[in-house]
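Novice: Only the shape, not the letters, is given here:
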């Protein structure tokens, strides 16, 4: 667990799936309560970093995991190793759901990950395109190439894509800080379990950017 931040040049801020699709702005997709209220914290933590990374779900309307009347949400999907369950259509490229939440500038990112573009893949973490964590999105390599040792993370949702991305970064050897004020989760029990899982992997968890600044 970190108690002091390294030099700014070694820090990256990671906005994980901070998209309209995961907010009440898109109520028919995968809205997370208060998901649209994380922008100020994401922007504040980015000011502490030399690099800003963004990931986005980028899905096709023909994705094999889209739920319908015969295949309800969360029902298992067989025959596709990189799809586990069905979800509502969300983050379809070209729709409002795909876009970053208002207040996040797409041009501010030094590196962006689009994930789930293939119709037969539905990854959660932003570091790999597959569920087995073997097909890199390139973000780990990018961070290493730029000498980053510490990644400050926020985004949506705490208990799914944020958790998986954080654990992937830890497994790759980075010090990872989770900023709770820059995240929102789906349910209290799954958020609590996710935080416990991250703490078990020595992820540093802070309440907000003000706490981060005390680590300077």
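Specialist: The structure has been received and is ready for your questions. Bear in mind that the values here come from a model prediction, so they are computed numbers and not experimental data.

Novice: Any buried residues in stretch 178-186, and which?
Specialist: Neighbour counts over stretch 178-186 (16 or more other Cβ atoms under 10 Å) mark 178-186 as buried. C-beta here means a position set from N, CA and C on the backbone, and glycine is covered the same way.

Novice: Same question for stretch 80-92.
Specialist: Quick answer for stretch 80-92 (16+ other Cβ under 10 Å): 82-83, 86-87, 89-92.

Novice: a markdown table please, covering those residues and showing distance to residue 127.
Specialist: Shown next, in a markdown table, are the buried residues of stretch 80-92 (distance: Cβ to Cβ, whole Å):
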| residue | distance to residue 127 |
| --- | --- |
| 82 | 14 |
| 83 | 18 |
| 86 | 24 |
| 87 | 20 |
| 89 | 24 |
| 90 | 20 |
| 91 | 18 |
| 92 | 23 |
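
Novice: Among those, which one lies nearest to residue 155?
Specialist: Each of the buried residues of stretch 80-92 was checked against residue 155 using Cβ to Cβ; the closest is residue 91, at 12.9 Å.

Novice: In contact with the closest residue in space to the closest one that isn't next to it in sequence, which residues?
Specialist: For residue 91, ignoring the flanking residues on the chain, the nearest one in space by Cβ to Cβ, 6 or more residues apart in numbering is residue 57 at 3.6 Å. With contacts defined as Cβ atoms under 8 Å, 6 or more residues apart in numbering, the neighbours of residue 57 are 17, 19, 21, 90-91, 98, 115-116, 161.

Novice: Good, wrapping up.
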